[in-house]
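Chemist: turn this into a model:
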Amino acid sequence: MDDRVKVFERAKELLLGHDMVGFAELWAVDGTMEFPFAPPGRPRLLEGREAVRAYVRDYTDHIDLRAVAHEVVHLTEDPDVLIVEFSMDAVAVGTGRPLRPGYVAVITVRDGEIASYRDYWNPLMLDEMSFGSEEGRTHG
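Modeler: Down below sits the predicted model:
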């Protein structure tokens, strides 16, 4: 299996296992996570594994990811870059409301670690997950 795909497959396992520490460990020490469509007041760039760890540490307090609902993997000509479109079946922890967040991720893998992860998610999802206000979110 392609190393880029292995890293993405591992990321999904960790997300579905609610292992956010393990998920953050996939990043290189100097890896980044970007959210180009982040609304005002939300981070657009996380620099370094520790920043990713701090950002995701309470993620499962807000959303319970349960299954991959849809996935299309695009291998690029750049041997380090993978583009993935996917959605997940989930539940908003605070309300019990079912969700299906969708993502497009551009992932750069270097030496088996994530060097860059650009997450083109829908920021309107924040209201559905009770991330609509700062009171509903403690980090990020």
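Chemist: contacts only, for the spatially most central residue of the chain.
Modeler: The residue lying closest to the centre of the chain (C-alpha atoms, centre = their mean) is residue 119, at 6.6 Å. By C-beta atoms under 8 Å, 6 or more residues apart in numbering, residue 119 lies in contact with 33, 34, 35, 103, 104, 105. Just so you know, the C-beta spots here come from the backbone N, C-alpha and C atoms, and that holds for glycine as well.
Chemist: quick one: the helices in this protein, in order.
Modeler: Counting by DSSP state H, one finds helices in the chain at the ranges 3-16, 20-25, 49-56, 125-128.
Chemist: correct me if wrong: residue 3 contacts residue 107.
Modeler: No - using C-beta atoms under 8 Å as the test, residue 3 is too far from residue 107 to be in contact (11.0 Å).
Chemist: can I get the helices of the chain in a markdown table including distance to residue 80?
Modeler: A markdown table is the format used below for the helices of the chain (distance: least, C-beta to C-beta, whole Å):
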| stretch | distance to residue 80 |
| --- | --- |
| helix 3-16 | 7 |
| helix 20-25 | 19 |
| helix 49-56 | 18 |
| helix 125-128 | 28 |
